[in-house]
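1. how would this look folded up:
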Amino acid sequence: MWPQGAAFVALPLLGPTLVWLLTHHWMSGWCDSPRRLPWCPSHRVLLLVWTAIYSITGYASYLVWKDLGGGFGRPLALPLGLYAVQLAISWTVLVLLFTAHTPGLALLHLLLLFGLVVSTALIWHPINKLAALLLLPYLAWLTVVSSITYRLWRDSLCPEHQPQPTWEKSD
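-> Residues are numbered from 1 along each chain as shown. Purely as a prediction, here's the structure:
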């Protein structure tokens with residue numbers, strides 16, 4: 001597996017690493033507000049999960065690359081090209097959420113990304129079943145992030161959907 005496997009695992013980590021290095025001082029309160037979601041993890045947890053997901057998908061892409069004979073020939077164009085596109089869109093989502101603070105655009109990208117990951121899994125399945133299965137945690141995580149992003153977007157557009165403080169009556 002060494003050094004090609006390590007390169008495939010490390011390559012996807014470039015995006016979140018750069019996003020964190022360039023924006024970590026702006027990210028601390030990204031999900032903190034009066035309308036904070038009770039199930040919204042901190043930015044550190046989000047980045048840790050993204051890092052784990054990127055490592056897993058990087059390893060899965062290595063399995064596909066290895067099973068198709070290595071190199072960068074024609075048989076790899078669709079399976080790894082689709083993976084490269086979804087990786088670029090995934091990095092864009094990080095920038096849109098954590099740097100640009102545009103949950104509406106991030107949500108659109110997340111929906112596109114979900115479709116690309118499903119397509120990638122379907123294309124990878126005949127090549128390497130384990131690689132396709134390794135994308136399932138990614139799909140689960142995209143579901144969580146999409147729900148958080150939708151809520152952030154909805155609350156930014158519709159103030160009436162924001163939870164109101166509850167005042168307890170004192171007797």
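2. Val118 and Ala100, how far apart?
-> According to Cβ to Cβ, to the nearest Å, Val118 and Ala100 sit 26 Å apart. (Glycine included, C-beta is placed from N, CA and C.)
3. same check, this time on Leu22
-> 12 Å.
4. Find the helix or strand that Leu78 is a member of.
-> helix 77-94 (DSSP states H and E).
5. Can you name every helix or strand that that helix contacts?
-> With contacts defined as 3 or more Cβ pairs under 8 Å, 6 or more residues apart in numbering; DSSP states H and E, helix 77-94 has these neighbours: helix 14-27, helix 43-67, helix 103-124.
6. residues near Ala140, how many?
-> For Ala140, the neighbour count with other Cβ atoms under 10 Å is 11.
7. got it, and Leu46?
-> By other Cβ under 10 Å, 22 other residues sit near Leu46.
8. follow-up on the earlier one: would you single out the least confident of the helices and strands packed on helix 77-94?
-> Mean pLDDT values for the helices and strands packed on helix 77-94 show the minimum at helix 14-27, a mean of 73.
9. got the angle between it and helix 43-67?
-> Using axes from the mean of the first three to the mean of the last three Cα atoms, to 10 degrees, the inter-axis angle of helix 14-27 relative to helix 43-67 is 170 degrees.
10. buried residues in helix 14-27?
-> By neighbour count on 16 or more other Cβ atoms under 10 Å, the buried set for helix 14-27 is 15-16, 19-20, 23, 27.
11. Touching it from outside, list them.
-> When contacts are defined by Cβ atoms under 8 Å, 6 or more residues apart in numbering, helix 14-27 is touched by residues 43, 47, 50-51, 54, 87, 90-91, 94-95, 98-99.
12. center of the chain - which residue?
-> With distances taken as Cα atoms, centre = their mean, Ser90 lies nearest the centre of the chain, 5.2 Å away.
13. Count the residues that sit near the closest residue to it other than its chain neighbours.
-> Nearest residue to Ser90, sequence neighbours excluded (Cβ to Cβ, 6 or more residues apart in numbering): Leu113, at 5.8 Å. When neighbours are defined as other Cβ under 10 Å, Leu113 has 24 of them.
14. tell me which element Gly69 is part of?
-> Gly69 belongs to no helix or strand, assigned by DSSP H and E.
15. Next up, phi/psi of it, please.
-> phi 100, psi 0 (degrees, to the nearest 10).
16. before we move on, the earlier item: and the helix holding Leu78, how far from the chain's centre?
-> In terms of Cα atoms, centre = their mean, to the nearest Å, the centre of helix 77-94 is set 11 Å apart from its chain centre.
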